[in-house]
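**Student:** Predicted model, plus sequence, below.
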Amino acid sequence: MQVLADLATEYWRDFLAGTWLTVQLVVLSSVLGLALAVPLAIARLSANRALSGAAAGYSLFFRGTPMLVQIFLVYYGLGQFEAIRGSVLWPVLREAWVCALITFVLNTAAYSGEIVRGGILAVPKGEVEAARACGMTRAQAYRLVILPRAFSICLPAYSNEVVILMKGTSLASTITLLELTGMARLAASDTYQPIQVFLLAGAIYYLLTLAITRLFARLEARFTRYMTDAR
């Protein structure tokens, strides 16, 4: 315990910086990934075979390949295209942080899209029929009835996806980003105490997991409060 306390005292700034970078990646990837997951889920449910097939292919690729491979494809692969290297976006796209963010967004969107799709399918048909009986268009029904109800259904599953994403951000250290795992690796190489260092990093990941689960528990209670009030 004394060794852990000494490590925390000496490297707390490094661990704080790494944790902050991890939190940034998780929050931005979750928000952008969910924004992409909603149209992806709707496309998967579309009667248009080309649209649903393209969405299914996207989902299958990102769920069927390791995230580490995806990170390397984005980080090392974008520079292989002359059109990208010559574009005005290249100074941004060549940054490791941007490449990691793009990978995490695309990856979590594939998983989240399936979660949202399951939530949409779980919406009671009576609620959908009631929306249509009120004269709502398809877009209005999705915006006012189907998607809010689907989110309340899929929140527990989505919270697990965010936790998995948070742990997956450790792969960003493979492309020079010093997030929490990257900082832990540096501290371990400096102190030659890898067990103690990674125990400390693991404790921080555990606290982040608790924070995420607590946040989603509150969101779930808020979205389902009508069920409690009805009892």
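**Tutor:** Sure thing, it's come through.
**Student:** How about the contacts made by the residue nearest the centre of the chain?
**Tutor:** Geometric centre of the chain, nearest residue: Ser30, 3.8 Å, by Cα atoms, centre = their mean. For Ser30, the contacting residues are 108, 162, 165, by Cβ atoms under 8 Å, 6 or more residues apart in numbering. C-beta: built from backbone N, CA, C; applies to glycine.
**Student:** What does the pLDDT read for the last one?
**Tutor:** The pLDDT attached to Leu165 in the predicted structure is 96.
**Student:** repeat for Arg85
**Tutor:** pLDDT, Arg85: 83.
**Student:** Same check on the one 4 residues further on?
**Tutor:** According to the model's per-residue confidence, Leu89 sits at a pLDDT of 81.
**Student:** Give the burial count for it, as a bare number.
**Tutor:** 12 (other Cβ atoms under 10 Å).
**Student:** before we move on, what about Ile71?
**Tutor:** Around Ile71 there are 23 residues (other Cβ under 10 Å).
**Student:** Show residues contacting whatever helix or strand it lives in.
**Tutor:** For Ile71, the host element (DSSP states H and E) is helix 67-77. Outside helix 67-77, the residues that touch it by Cβ under 8 Å, 6+ apart are 62, 96, 99-100, 102-104, 106-107, 168, 171-172, 174-175.
**Student:** Any quick ChimeraX command for the buried ones out of those residues?
**Tutor:** Listed next is the ChimeraX selection for buried residues among these, using 16 or more other Cβ atoms under 10 Å:
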select :62,96,99,100,102,103,104,106,107,168,171,172,175
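**Student:** Just give me the closest of the contacts of helix 67-77 to Leu89.
**Tutor:** Ile102 (11.3 Å; Cβ to Cβ).
**Student:** Tell me who's in contact with the closest one.
**Tutor:** Here Ile102 is in contact with Val74 (criterion: Cβ under 8 Å, 6+ apart).
**Student:** phi, psi of it?
**Tutor:** phi -60, psi -40 (degrees, to the nearest 10).
**Student:** Would you check how far apart it and Ala139 are?
**Tutor:** 29 Å (Cβ to Cβ, to the nearest Å).
**Student:** Over to Ile42?
**Tutor:** Ile42 is 10 Å from Ala139, by Cβ to Cβ.
**Student:** Could you give the separation of the helix or strand encompassing Gly57 from the chain centroid?
**Tutor:** Gly57 is part of helix 49-64, with elements assigned from DSSP H and E. Distance of helix 49-64 from the chain centroid (Cα atoms, centre = their mean, to the nearest Å) equals 18 Å.
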